[in-house]
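S.K.: Everything below, folded, please.
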Amino acid sequence: MENGLNTSKQKVLVVEDEELMRNILRTLLEDEGYEVFTADSSEAALKVFPETVIDVTLTDIKMSGMDGLTLLDRIKAIDEHALVIVMTAFSSVDSAIAALRKGAYDYITKPFVNEDLLQTVRNAIRNRELFSENRALRRELNRRGKFADIIGSSDKIRKVFDLAGKVADTNANVLITGESGTGKELIARAIHFNSSRSAKPFLAVNCGALPESLLESELFGHTKGSFTGAIADKKGLFRSADGGTIFLDEIGEMPLPLQVRLLRALQEHEVTPVGSSVPVKFDARIIAATNRDLEKEVEAANFREDLFYRLNVIEITLPPLRERREDIPALARHFVSRVAEKQSTAEKAISEEAMNALRSYDWPGNVRELENVIERAFILSSDEITTSDLSAKFSNSSLTVTGNEPDTLSLEQMERRHVLETLRATGEDKVAAAKILGIDLSTLYRKLKRYEEL
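M.R.: The predicted structure is shown next:
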């Protein structure tokens, strides 16, 4: 028995007692990019399974010793979801049909066309991937429960939970608004996983992270040869999410020409791939999110009014963290638990002084920034997280919070000062600054551009 070396590749086991055919199959499959294991008998093949997770088994039916049908039974006893492709001579198709009845994925007749065999293996691999994705999706659904990943008990966040719960099991489009880092995607996922669409895909795209041409292809798909680099057909998110949910993050960043195409897609429930003239129906719920004021964007002619109303059937507004300070302790402890699990170490307490500092801070990066601050403090701390483990920006925070103190600076001015101080502290490294602030790089650039206008 021989085997390949690259464990990151998809694994195919070839079971064939004729050495020449075994070597031909191995070369053919390795050239396709698979890691190939070979066995010259069914008995040798069975020794592979306790040590290796095989994605697809390709086996001859007629072999000396244990035949392929018996091997199929033994493999299915080990893993009922195993994918087995049987090979047989054209004159023995009845054996192949018997294998299908026993649970084989497919069969190939000898002599075979190389491309036909490779396509059958590709289809089997894709079948296994879909099965794994579906199983992972169900585990995710069971883990999440009722908005389990969203921490908070303040009145403002409870209102968000209540509204999200009411709209979850409907088909209404939802627009989630709020500052960067407030958890808009978490709410979108919670809505999906608590809906009747939960067993179907939840697919997300950041509309501000891709250039217009790539975003168009990502959303609507394309046909082979429709542009340079289009080496195969692509379904696009709308068709791939059929039956599920599409999350359009940073929808306010979408270019106007694509807004026209998106509006038509929502009105007609169909998309036309790039390079095609044939529309294709889809069934996917749309949840969009933005940190912009879309009504102002409509007034400025940066966003289509008809698309705004089409998306904004139900609006859910997430409050910034500074407006729900009472949730900070629970969030901080939640992130401590998460870091401890990731680091495989014991949890740590947060001192009262450090917790007061966290509660006093205004969090321009919101929940995402809090998560990053806790992770950094956890790594730097000893047995307890103290104020000395927090970054310097917390040293100026008041240690007592009443929630009623007047601000000497506006919130935007305070945010500007904090962002610029963070940028200076990182030596003008915008990537590092964005990570510390808990915002993405495109958001940081927008903030810096806005500060220049103040």
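S.K.: what's the spacing between the nearest residue to residue 17 once chain neighbours are set aside and residue 151?
M.R.: Counting by CB to CB, 6 or more residues apart in numbering, residue 63 is the residue found nearest to residue 17 once chain neighbours are left out, at 4.5 Å. No exception for glycine: its C-beta is placed from N, CA and C like everyone else's. Using CB to CB, to the nearest Å, we find residue 63 at a distance of 58 Å from residue 151.
S.K.: For the stretch 251-400 of the chain, give me the ranges with low pLDDT.
M.R.: Scanning the stretch 251-400 of the chain for pLDDT under 70 picks out the ranges 395-400.
S.K.: got the domain boundaries for the chain?
M.R.: Domain segmentation of the chain under automatic domain parsing yields 2-134, 147-319, 321-405, 408-454.
S.K.: could you dump those to a markdown table with mean neighbour count?
M.R.: As requested, these are arranged in a markdown table below (neighbours: other CB atoms under 10 Å):
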| stretch | mean neighbour count |
| --- | --- |
| domain 2-134 | 17 |
| domain 147-319 | 18 |
| domain 321-405 | 17 |
| domain 408-454 | 15 |
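S.K.: just how off-centre is stretch 316-334 within its chain?
M.R.: Remark: stretch 316-334 is offset 24 Å from the chain centroid, using CA atoms, centre = their mean, to the nearest Å.
S.K.: Same question for stretch 380-397.
M.R.: Worked out by CA atoms, centre = their mean, stretch 380-397 lies 32 Å from the chain centre.
S.K.: Over to stretch 210-222?
M.R.: 17 Å.
S.K.: I would like the residues contacting that stretch, please.
M.R.: 205, 207, 227, 230, 233-239, 254-255, 257-258, 261-262, 265, 271-276 (CB atoms under 8 Å, 6 or more residues apart in numbering).
S.K.: Out of these, which sit inside strands?
M.R.: Among these, the members falling in strands (DSSP state E) are 205, 271.
S.K.: follow-up on the earlier one: let me see the contact set for the residue nearest to residue 17.
M.R.: Contact analysis of residue 63 by CB under 8 Å, 6+ apart lists 15, 16, 17, 41, 42.
S.K.: and which of these is nearest to residue 54?
M.R.: Nearest to residue 54 among those: residue 15, at 10.5 Å, using CB to CB.
S.K.: Please name the bridge partners of the closest one.
M.R.: Beta bridges link residue 15 to residue 39, residue 59, judged by DSSP bridges.
S.K.: just residue 11 next, same as before
M.R.: Beta bridges link residue 11 to residue 35, judged by DSSP bridges.
S.K.: Touching, it and residue 57? I think so.
M.R.: No - applying CB atoms under 8 Å as the test, residue 11 and residue 57 come out as separate, 9.6 Å apart.
S.K.: Which secondary structure state does the residue nearest to residue 17 sit in?
M.R.: coil (DSSP: H, G, I helix; E, B strand; the rest coil).
S.K.: From residue 16, how far off is it?
M.R.: Residue 63 is 8 Å from residue 16, by CB to CB.
S.K.: And residue 105, by the same measure?
M.R.: 17 Å.
S.K.: do the same with residue 440
M.R.: Per CB to CB, residue 440 is found 51 Å from residue 16.
S.K.: got it, and residue 86?
M.R.: Separation of residue 86 from residue 16 (CB to CB) stands at 11 Å.
S.K.: got any residues that touch both of the two?
M.R.: What both residue 86 and residue 16 touch, as defined by CB under 8 Å, 6+ apart, is the set 59, 60.
S.K.: For residue 167, give me its contacts.
M.R.: 174, 191, 314, 316 are the contacts of residue 167 under CB under 8 Å, 6+ apart.
S.K.: pretty sure the third one contacts residue 174?
M.R.: What that stands for is residue 314. Yes - contact status for residue 314 versus residue 174: in contact at 4.8 Å, counting by CB under 8 Å.
S.K.: For residue 251, give me its contacts.
M.R.: Contacts of residue 251 (CB under 8 Å, 6+ apart): 175, 207, 288, 289, 290, 294, 311.
S.K.: Repeat the analysis, applying 6 Å as the threshold.
M.R.: 207, 288, 290 (CB atoms under 6 Å, 6 or more residues apart in numbering).
S.K.: Setting aside sequence neighbours, what's the nearest residue to the last one?
M.R.: Using CB to CB, 6+ apart and skipping the chain neighbours, the partner closest in space to residue 290 is residue 252 (4.1 Å).
S.K.: I'd like the distance between that neighbour and residue 260.
M.R.: According to CB to CB, residue 252 stands 16 Å off from residue 260.
S.K.: do the same with residue 322
M.R.: Going from residue 322 to residue 260 by CB to CB gives 37 Å.
S.K.: How about residue 109?
M.R.: 51 Å.
S.K.: Next: residue 375.
M.R.: Residue 375 sits 42 Å away from residue 260, going by CB to CB.
S.K.: again, but for residue 177
M.R.: Distance, residue 177 to residue 260, by CB to CB: 22 Å.
S.K.: same check, this time on residue 342
M.R.: In terms of CB to CB, residue 342 sits 44 Å off from residue 260.
S.K.: now the strands for the stretch 301-450 of the chain?
M.R.: Here the stretch 301-450 of the chain has its strands, by DSSP state E, counting those that start in this stretch, at 314-317, 349-350, 384-385.
S.K.: Between the ones you listed, which one is closest to residue 155.
M.R.: So among the strands of the stretch 301-450 of the chain, strand 314-317 is nearest, using CB to CB, at 13.7 Å.
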